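Asker: okay, predicted coordinates and the sequence, questions at the end:
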Amino acid sequence: MDPPNLTNQEDLQQCLSSEGIHIWGATQETLEEQALNELKLFVEENTINNKEINNGTLLEPISANTSFCEEQSIANSTHKLDFCITKDDESEISCSSNDSDTDYIPSEDEIKTVKVLKKPKVKRKSPCNPLKSVKVVDDALDENYNSRLQSYYEEQEQNLEELRVEDSKDYKKLKGGLKVPKKNWTRLYEYQKEGVFWLWELHQKPCGGLLGDEMGLGKTVQVITFLYALEYTRSPSKYCDYVGLGPTIIVCPTTVMHQWVRHFHEWAPEFQVAILHQSGSYQGQKSTLIKKIHKNKGILVTTYAGILKYKSNLRELSWHYFILDEGHKIRNPSTKVTMAVKEFQTPHKLMLTGSPMQNNLTELWSLFDFTNPGMLGDLATFNEHFATPILQGGFTNATPMQEVTALSVASTLKTIISPFLLRRMKQEVQDHIQLPHKTEQVLFCSLTDEQRQLYKEYLMSDQVNCILEKGVKSWKSDNFVKANILVAITNLRKICNHPDLFENETEDSFGSYKKSGKMIVVSALLKIWKKQGHRTLLFSQGRFMMRVFENFLNQQSYKFLKMDGSTSVSSRQKLIDSFNSDSSYDIFLLTTKVGGLGINLTGASRVIIYDPDWNPATDTQARERAWRIGQKKSVTIYRLLSAGTVEEKIYQRQVWKQLLSNKVLIDPNTNKFFKSSDLFDLFSLPDATNNKPETTNIFRESRVKIQEKLDEKKRATTTTKTQFQFSPDKVQAMRELAQKISKSLSGPSAPNKNAYQLELEEERQQKLQEREKLKLLTPQEIIEFNREKLLHVEKDEHNKLDDRVSTGTFEEALNESSKTSTVYNKVVKKIKFSQLRELKNKLKSPEEENSKKRKSSITDTSGKIDGELVEGLLKRETNKSSSKRQKLSKSDNQDNYILEHLFMKKGVSGALEHDVVLNGAKKPVTLKMRSCADEKALKSLEALKKSRLKNWKW
Ligand SMILES: Nc1ncnc2c1ncn2[C@@H]1O[C@H](COP(=O)(O)OP(=O)(O)OP(=O)(O)O)[C@@H](O)[C@H]1O
């Protein structure tokens with residue numbers, strides 16, 4: 001089989017640079033991602049047109065008629081790569097409405113899941129049919145539009161003959177004269193009002209802007225209110241002939257087209273809003289629809305693919321506003337769709353995205369090249385003077401000077417883009433929106449034995465050996481090796497998700513959750529959350545994993561809905577509405593790319609991201625579906641990773657990218673990024689006994705408290721066991737003694753006061769005996785003895801035992817011994833007190849006893865959650881006397897319990913607080929370095945100004 005045609009090295013380099021790769025060469029970039037990116041470039045450049053890759057073998061081209069994401073079957077292959085290669089952008093557009101994740105453009109990230117050769121022959125029930133919900137109908141057909149307007153006016157008790165937007169005093173006038181209807185203004189949050197004003201300021205200049213508020217903060221609502229206010233104000237435009245709002249195009253992902261229509265109907269009902277897509281109500285010639293909406297000065301909502309498809313019809317006409325929703329889709333400057341949207345010469349261009357920079361600084365350049373063409377100079381100048389120094393300063397091996405230069409250049413860049421970028425984070429506006437608390441943790445799950453075995457075997461396969469032998473030397477020039485690297489990574493990821501995705505088993509056991517470490521964790525989480533009454537969004541990357549989940553959820557009788565690329569566009573909004581409105585659905589199963597963009601799923605308060613994406617924004621987008629305006633409950637998000645595997649590297653890469661983005665968009669003084677791994681790191685697997693995932697060591701300070709606590713507990717037990725050597729007889733004697741004591745302490749209470757006194761007397765005798773015995777022991781043995789006692793006492797307090805590793809020296813042993821004894825004595829006192837109380841209670845009347853039971857059922861701590869006995873629950877601390885504990889919310893307590901449970905029973909070996917990982921420490925900067933760095937930043941600015949002269953279309 002021939003290797004694919006090589007693209008010329010310049011093209012490759014360009015692609016790499018768009019992924020932030022070219023600058024430092026191989027040493028500081030992960031090779032696997034370069035392979036991935038370059039392969040993506042092949043996809044976009046059609047250099048390996050329609051070939052499929054199977055275990056390193058590039059197979060024959062798929063038929064020329066293959067539509068995007070169409071499932072193909074190629075015989076005699078075993079381990080199928082889970083993606084398809086698009087023929088080209090047009091082929092994607094021509095696909096039917098129900099066959100694609102991606103009615104938007106196949107961007108560089110869009111290597112799609114297509115098929116497996118052997119489809120898992122699992123008997124599947126289809127997910128529950130959603131309840132019927134009101135379908136959003138657009139205004140493409142005049143009769144629909146008129147009848148909607150009529151009902152609206154009737155509702156408003158207004159006359160149909162009135163002006164489209166009535167001129168009354170019922171508005172808020174902003175500086176510069178914009179009148180915002182009060183019915184909208186009063187509904188906006190303060191920061192949204194600022195957003196509307198910012199849009200108005202931009203409108204008065206011949207420039208565009210990027211509304212980059214964090215996801216779910218209401219970017220759509222702000223833009224619609226602004227457009228509505230423009231129309232309401234009816235002021236003539238300085239830069240074109242329109243009065244009020246002229247014809248407008250909104251480009252967005254397929255899934256949110258209907259959401260836009262709905263928002264327009266709610267916030268600006270008088271506008272005529274038509275969907276330019278086969279899922280819209282207009283089924284005639286699309287060119288006719290385009291002309292009609294343009295003439296009526298309406299709003300045309302279409303997809304990124306739609307822009308390509310109808311580009312010539314759309315470009316014939318002049319548009320007032322051109323708006324890109326989820327505008328990061330044009331982050332790659334060399335894709336067709338990016339070039340297409342940049343060809344539109346509208347006076348006003350806006351972009352909405354919650355993740356303006358996902359992988360590298362070139363992306364940011366590409367976005368601003370749309371909204372403010374030429375403002376950041378040409379790409380080469382930008383890369384040389386901004387992207388390079390910022391990136392250089394971010395690596396762990398950067399010199400202090402490089403670091404400070406990066407800081408200065410990043411600050412300069414931030415200053416340049418600030419007037420045209422409005423970005424607010426949820427944390428900043430929390431006072432306004434009052435979002436409920438969010439916890440986001442990364443859980444490191446152990447592989448099952450089967451997975452580990454498979455993973456190891458694959459690592460030792462010829463394919464991986466070949467990569468490691470050839471790859472290090474020739475990956476740069478050998479695209480075949482790059483393709484192999486990609487295939488290998490994909491296979492490893494499959495094993496991490498579920499071994500059956502890699503190696504199909506018999507039908508009966510296909511997809512059993514017990515075969516996958518992460519699925520065992522999912523199973524435990526879903527079980528507990530259902531009991532707690534939480535509803536869950538379960539995100540996964542691939543459709544085949546979705547099938548495994550579907551099978552599992554059916555077996556476990558969960559009620560669920562599902563949305564992936566095969567879900568027809570027209571039914572997606574219905575599914576979303578059904579899930580939000582019908583609380584009987586436990587779970588919404590979604591692919592990250594389809595379900596992660598733009599939609600509202602506040603009906604759920606729990607989110608699982610089953611497998612990490614290379615792009616941090618993809619996972620963040622997914623989590624934001626639940627944690628957004630409208631959410632009433634605390635939200636918990638778990639990102640699952642298989643410990644020690646390639647998934648950890650992917651997560652580390654995510655963090656790296658996120659920190660780079662934060663440096664420019666949030667705080668230039670973000671700390672260093674860490675060095676990425678090399679090829680050997682990718683294809684390795686630490687020993688199973690090494691149960692501390694690498695990532696938890698890198699971000700030690702971000703480890704969740706509960707993990708520390710459990711680790712301490714473990715150490716306390718194991719240390720003692722390994723440090724001291726006792727003869728078996730001695731151990732036995734100590735055990736017996738300790739057991740005897742603990743039995744006497746925790747045994748059934750005496751029936752009356754006299755019996756209790758007798759018991760105390762017996763205890764005193766035992767203590768005396770014990771003291772005699774202790775005289776014969778060494779200090780270390782005393783420690784061990786005390787520990788043993790505490791373990792038998794089986795109370796929480798034994799966790800407070802100091803766990804310092806004893807070296808066995810006499811002094812330390814004595815120290816530790818005295819501490820242990822103190823803890824022990826406290827325990828004993830507490831137990832006695834509780835026994836006494838119990839005894840008193842027994843002497844109380846039955847009524848009093850009943851009332852006490854009622855109370856205790858509220859604060860029950862023994863293996864119960866909300867009154868339910870939960871399997872595997874050891875203990876649940878609801879210590880009323882601890883003020884710290886009292887401050888924790890119910891949700892925090894539930895989360896803590898769940899984590900404890902997962903650590904103890906379900907193979908989770910580490911957990912990180914995701915937000916803490918991303919909050920880097922700040923570096924002190926000396927004055928001298930600062931002035932040198934500022935000089936460099938000034939030079940960068942000069943270079944940019946020169947480049948601007950040629951390019952900026954202000
Ligand atoms: N002022 C407001 N009053 C009531 N609801 C609001 C307000 N602002 C936003 N919302 C609601 O919050 C939700 C999120 O808003 P929207 O979809 O506009 O956010 P977004 O920033 O565009 O999100 P994404 O980036 O995910 O697309 C929507 O359901 C919207 O109706």
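Answerer: Good, I have the coordinates. The structure presented is a predicted model; accordingly, all values stated were derived computationally and were not measured.
Asker: in contact with the closest residue to the ligand within the stretch 301-450 of the chain, which residues?
Answerer: Relative to the ligand, the nearest point of the stretch 301-450 of the chain is residue 354 (4.0 Å; Cβ to the nearest ligand atom). Backbone N, C-alpha and C define where each C-beta goes, glycine included. Applying Cβ atoms under 8 Å, 6 or more residues apart in numbering to residue 354 gives the contacts 212-217, 219, 617, 620-621, 624.
Asker: again with residue 428
Answerer: residue 191.
Asker: A helix includes it, no?
Answerer: No: counting by DSSP: H, G, I helix; E, B strand; the rest coil, one finds residue 428 to be coil, located in no helix.
Asker: if I look at it, how far off is residue 607?
Answerer: 22 Å (Cβ to Cβ, to the nearest Å).
Asker: residue 137 now?
Answerer: According to Cβ to Cβ, residue 137 stands 31 Å off from residue 607.
Asker: tell me which of the two has more neighbours.
Answerer: Shown here are residue 137 and residue 607; by other Cβ atoms under 10 Å, residue 607 has more neighbours (26 against 17).
Asker: and the residue found closest to that one once you drop the neighbours it is linked to in the chain, which of the three is it?
Answerer: The shortest distance from residue 607 to any residue other than its chain neighbours is 4.3 Å, reached at residue 637 (Cβ to Cβ, 6 or more residues apart in numbering). The three-state label given to residue 637 by three-state DSSP is strand.
Asker: next, count neighbours for residue 637.
Answerer: Other residues close to residue 637 by other Cβ under 10 Å number 24.
Asker: I'd say it and residue 443 touch.
Answerer: No: at 10.4 Å, residue 637 does not count as touching residue 443 under the criterion of Cβ atoms under 8 Å.
Asker: helices or strands next to the host helix or strand of residue 549 in the packing?
Answerer: If you go by DSSP states H and E, residue 549 is part of helix 543-555. Other elements packing on helix 543-555 under the criterion 3 or more Cβ pairs under 8 Å, 6 or more residues apart in numbering; DSSP states H and E are helix 499-502, helix 517-532, strand 536-540, strand 560-563, strand 587-591.
Asker: what helices and strands are in contact with the longest one?
Answerer: Spelled out, that is helix 517-532. Going by 3+ Cβ pairs under 8 Å, 6+ apart, helix 517-532 lies up against strand 438-445, strand 536-540, helix 543-555, strand 606-609, strand 635-642, strand 864-865, helix 890-905.
Asker: near the ligand, which residues of this protein show up?
Answerer: When proximity is defined as Cβ under 6 Å from any ligand atom, the chain approaches the ligand at 187-189, 192, 213, 215-221, 354, 598, 600, 624, 628-630.
Asker: buried members of the residues you listed into ChimeraX, please.
Answerer: Here is the ChimeraX command that selects only those of the residues of the chain next to the ligand that count as buried (16 or more other Cβ atoms under 10 Å):
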select :188,189,192,213,215,216,217,218,219,220,221,354,598,600,624,628,629
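Asker: ok, the residue nearest to residue 607 to residue 255 distance?
Answerer: Distance from residue 637 to residue 255, by Cβ to Cβ: 20 Å.
Asker: with residue 613 instead?
Answerer: For residue 613 relative to residue 255 (Cβ to Cβ), the value is 17 Å.
Asker: just residue 302 next, same as before
Answerer: Residue 302 sits at a distance of 13 Å from residue 255 (criterion: Cβ to Cβ).
Asker: residue 156 too?
Answerer: Going from residue 156 to residue 255 by Cβ to Cβ gives 31 Å.
Asker: have a look at these two and say which one is more surrounded.
Answerer: Neighbour count, other Cβ under 10 Å: between residue 156 and residue 255, residue 255 has more, with 25 against 12.
Asker: per-residue confidence at the closest residue to the more buried one other than its chain neighbours?
Answerer: Excluding its sequence neighbours, the residue lying closest to residue 255 (Cβ to Cβ, 6+ apart) is residue 572, at 5.2 Å. Per-residue confidence at residue 572 stands at 84 (pLDDT).
Asker: what's the burial count for the spatially closest residue to residue 342 that is not a sequence neighbour?
Answerer: Leaving out its chain neighbours, the residue that sits closest to residue 342 by Cβ to Cβ, 6+ apart is residue 370, at 5.5 Å. Using other Cβ under 10 Å, residue 370 has 22 neighbouring residues.
Asker: residue 370 falls within a helix, correct?
Answerer: Yes: counting by three-state DSSP, one finds residue 370 located in a helix.
Asker: could you report the neighbour count for residue 768?
Answerer: Using other Cβ under 10 Å as the criterion, residue 768 is surrounded by 10 other residues.
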